[in-house]
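Student: A predicted structure for the sequence below; I have some questions about it.
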Amino acid sequence: MITANVRARLNRDDAQLAARLVARGSGRTLDEAEDTVRDVGIDGLLDDPRLLTALLECDQAMHASLPLFCYVVVRHALRTVGEDDRVLADYVSALVLQFGLRERSRQLRMYDDATYDTLSAISEAIEGGSAERSFLARAHLGNYALWMSGIFPDQIERRRWRRGGPDLDYFEEMGQRGFRLAADHRLAHEHGLGPLYVLASDRFPQLRLALNRVSDQLFFPNVHTPERLMRQVAWDIRD
């Protein structure tokens, strides 16, 4: 089960490196960054735009942990599309970290024997099996739709044009449905995940848009297709 736990995984070393990256060799700025961590917590430092810039540009950023890098990149991408909720940034970061591991995006949980390649297959899993598996399938429907439409939007658009596959709007619709169904399940309430899933459903378009920007700028920066151009035009219209 994916939970919003990335910030909780950050440690003292992460905070110290973040402070040094923001300071970029300035003793005074380093003192200010350390004061920020002491006075308001690490969130004040993670939200500093200078940290994102340093993580992308400085050689010292090579020492950053994957949770630190992923959270900062996702958090700032979400803020650029007007989404400021830290718990959502935490959850989406956890999703990216987990689904980036081999077959995890195709499994309802880590080390699951069954794999799912389509939204329809995941939807079918919601109807069968135990209550726990139905709950995992509901959440996975939302997670998988967000992962695919967020990180691989160009692939979805190519399949739509070449094979008549579903478009990004369909992935958004199914992703929102998955999170809503997960929020309604009793296990979501037992684990305290109901409000998070409701929020993820409501904000799915913003989450997808933020991940599109992460994908375009960091994962696949050299891709230039008509589909990407049209999608980026759509960004400007929605913005």
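Tutor: Received the coordinates, thanks.
Student: list the contacts of the spatially most central residue of the chain.
Tutor: Among the residues of the chain, the one closest to the centroid is residue 92, at 2.8 Å (C-alpha atoms, centre = their mean). With contact set as C-beta atoms under 8 Å, 6 or more residues apart in numbering, residue 92 has these partners: 74, 78, 146, 207, 210, 211. Quick note: C-beta positions are derived from backbone N, CA and C, even for glycine.
Student: tell me the one of the residues you listed nearest residue 40?
Tutor: residue 78 (19.5 Å; C-beta to C-beta).
Student: quick one: the closest one and residue 159, what's the gap?
Tutor: Distance of residue 78 to residue 159, given as C-beta to C-beta, to the nearest Å: 26 Å.
Student: higher neighbour count, the two?
Tutor: residue 78 (25 against 14; other C-beta atoms under 10 Å).
Student: dihedrals phi and psi, that one?
Tutor: phi -60, psi -40 (degrees, to the nearest 10).
Student: residue 56 versus that one, what's the distance?
Tutor: Distance from residue 78 to residue 56, counting by C-beta to C-beta: 16 Å.
Student: same question for residue 173.
Tutor: Counting by C-beta to C-beta, the gap from residue 173 to residue 56 is 33 Å.
Student: do residue 38 as well
Tutor: 26 Å.
Student: got it, and residue 121?
Tutor: Distance from residue 121 to residue 56, by C-beta to C-beta: 37 Å.
Student: buried set for the helix or strand where residue 67 lies?
Tutor: Per DSSP states H and E, residue 67 falls inside helix 66-80. For helix 66-80, the neighbour count (16 or more other C-beta atoms under 10 Å) marks 67-79 as buried.
Student: same list (those) but as CSV, adding pLDDT and distance to residue 221.
Tutor: Shown next, in CSV, are the buried residues of helix 66-80 (pLDDT from 0 to 100; distance: C-beta to C-beta, whole Å):
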residue, pLDDT, distance to residue 221
67, 97, 22
68, 97, 21
69, 97, 16
70, 97, 17
71, 98, 20
72, 98, 18
73, 98, 13
74, 98, 17
75, 98, 20
76, 97, 16
77, 97, 14
78, 98, 19
79, 97, 20
